[in-house]
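Trainee: Can you look at this prediction? I've put the sequence above it.
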Amino acid sequence: MKFTPLKFQGTLAAAGVALMPYIFLKVNIFKSDGQISLSDLSLLTKPSLEYVAALLLIAVMGSFVVIHLSLSVFFLRELIKWVATSSSFKEILNNPLTNASLFSPLISVPMTMIVLFGPVSFFVPQITENMQLLMAPAFAVFCLLWLPLVILEIKAVQVFLTNQVDYLSLNFGWLLDVLALGAVSLFGSSLVNASENHLISNAAAIMVSISLAVGVVIFAFKMSVLVYLQVKSVAKPTVNILPAYFLFIPPMCLLGFSSFKIMMFTSKSYGVDLSTASFLTMVFSYAGAMTWFVFAIYRLREYLGKEFLSADFSPAQWGMV
């Protein structure tokens with residue numbers, strides 16, 4: 001299959017599957033507020049249902065960590081070669097209907113960093129033990145993601161405003177830039193709360209606040225356009241685009257959770273009581289995501305029941321993961 005930045009949707013999905021067992025282990029089995037590691041397995045009673053469940057979850061987590069990291073290295077190499085040798089990059093960038101696909105790597109790479117500090121640290125506890133030493137390199141990676149993201153977003157907005165756009169051709173894949181803004185913001189807000197270096201945490205907080213503000217504004221605009229088009233249209237999108245309906249959910253959660261983390265940092269560092277605002281942000285974010293999830297299932301019930309298993313693969317299907 002010819003290279004396209006949308007291939008990074010696969011690495012993103014693998015990262016998500018790696019993170020789910022990690023969070024479940026942390027919250028429901030090891031019941032920890034801090035970091036967890038493989039050595040915590042010895043604390044469980046064996047044989048027991050919890051012990052067996054932990055083994056299964058660890059196996060799933062480890063498998064998808066390997067899949068995610070392997071695919072990331074392979075696709076990053078292909079991406080560099082594609083940008084350097086292909087004219088497709090500029091063609092896609094200057095097309096307002098397709099340039100959102102260029103944001104896929106900027107969604108996957110910050111999730112790689114989150115996987116490193118989460119599931120990978122479960123197997124390699126030295127990462128957790130040297131967390132503060134890793135904050136400066138992690139901040140450098142955040143800057144290398146944040147700056148291209150902002151530049152690419154400015155260019156995408158410029159292309160949208162200066163070209164004639166066939167609005168009827170727009171679909172929920174148009175939200176990939178918002179998803180990138182959410183993913184980079186989540187990585188940055190995690191650094192903000194994890195770093196003990198005030199310069200790093202304050203600089204990252206300012207940068208995250210900017211990407212969050214841009215993300216919320218663009219998200220609101222694009223969803224208004226897309227919902228209006230869906231109400232106006234009598235026909236559903238083509239089969240290969242239908243799963244993109246689910247792409248509303250990740251940015252809603254990522255922007256909400258990142259905002260929550262920034263509010264927590266602000267409250268802790270500057271004594272501003274944002275507990276009510278942060279609580280309402282989380283409730284609104286996840287209530288909105290779940291409401292849309294139910295709507296998407298209802299909207300796509302015929303596709304899921306009759307066409308999903310028989311339809312040809314399309315990158316939009318990763319949005320369901």
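Mentor: Ah, there it is. Numbering: from 1, shown residues only.
Trainee: Once you drop chain neighbours, what's closest to Ser37?
Mentor: In this structure, Ser37 finds its nearest non-sequential neighbour in Pro125, 4.2 Å apart by CB to CB, 6 or more residues apart in numbering. All C-beta atoms are positioned from the backbone trio N, CA, C, and that covers glycine.
Trainee: What's the separation between that neighbour and Lys268?
Mentor: 26 Å (CB to CB, to the nearest Å).
Trainee: Look at the two and report which has more neighbours.
Mentor: Between Pro125 and Lys268, Pro125 has the larger neighbour count (other CB atoms under 10 Å), namely 15 against 12.
Trainee: That one: what's it in contact with?
Mentor: Contacts for Pro125 (CB atoms under 8 Å, 6 or more residues apart in numbering) come out as 35, 37-39.
Trainee: any idea of the pLDDT on the residue nearest to Ser37?
Mentor: pLDDT recorded at Pro125 is 90.
Trainee: what do you get for the one 5 residues further on?
Mentor: Confidence at Asn130, expressed as pLDDT, is 91.
Trainee: One more: Ala235?
Mentor: Looking at Ala235, its pLDDT is 69.
Trainee: How many residues are close by Gly182?
Mentor: Neighbours of Gly182 (other CB under 10 Å): 28.
Trainee: what's the answer for the one 4 residues further on, then?
Mentor: Residues contacting Leu186 under the criterion other CB under 10 Å number 24.
Trainee: what about it, helix or strand, and which?
Mentor: Using DSSP states H and E, Leu186 sits within helix 176-194.
Trainee: Pull the CA coordinates from that helix and hand them back as PDB.
Mentor: What follows is helix 176-194 as a C-alpha-only set of coordinates in PDB (Å, rounded to 0.1, in the frame of the first residue of the first chain):
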ATOM      1  CA  LEU A 176      -7.800  15.200  12.500                       C
ATOM      2  CA  ASP A 177      -6.000  18.600  13.100                       C
ATOM      3  CA  VAL A 178      -8.200  19.100  16.300                       C
ATOM      4  CA  LEU A 179      -7.200  15.600  17.400                       C
ATOM      5  CA  ALA A 180      -3.500  16.500  16.900                       C
ATOM      6  CA  LEU A 181      -4.000  19.700  19.000                       C
ATOM      7  CA  GLY A 182      -5.600  17.500  21.700                       C
ATOM      8  CA  ALA A 183      -2.900  14.900  21.700                       C
ATOM      9  CA  VAL A 184       0.000  17.300  21.800                       C
ATOM     10  CA  SER A 185      -1.900  19.300  24.500                       C
ATOM     11  CA  LEU A 186      -2.400  16.100  26.600                       C
ATOM     12  CA  PHE A 187       1.300  15.300  26.300                       C
ATOM     13  CA  GLY A 188       2.300  18.900  27.300                       C
ATOM     14  CA  SER A 189      -0.200  19.000  30.200                       C
ATOM     15  CA  SER A 190       1.200  15.800  31.500                       C
ATOM     16  CA  LEU A 191       4.700  17.400  31.500                       C
ATOM     17  CA  VAL A 192       3.300  20.400  33.300                       C
ATOM     18  CA  ASN A 193       2.000  18.300  36.200                       C
ATOM     19  CA  ALA A 194       4.900  15.800  36.300                       C
END
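Trainee: Could you check how many residues crowd around the nearest residue to Glu78 once chain neighbours are set aside?
Mentor: If the residues on either side of it in the chain are set aside, Glu78 comes closest to Phe3, at 4.8 Å by CB to CB, 6+ apart. Phe3: 13 surrounding residues under other CB under 10 Å.
Trainee: how near is Phe3 to Phe74?
Mentor: The gap separating Phe3 from Phe74 is 10 Å, by CB to CB.
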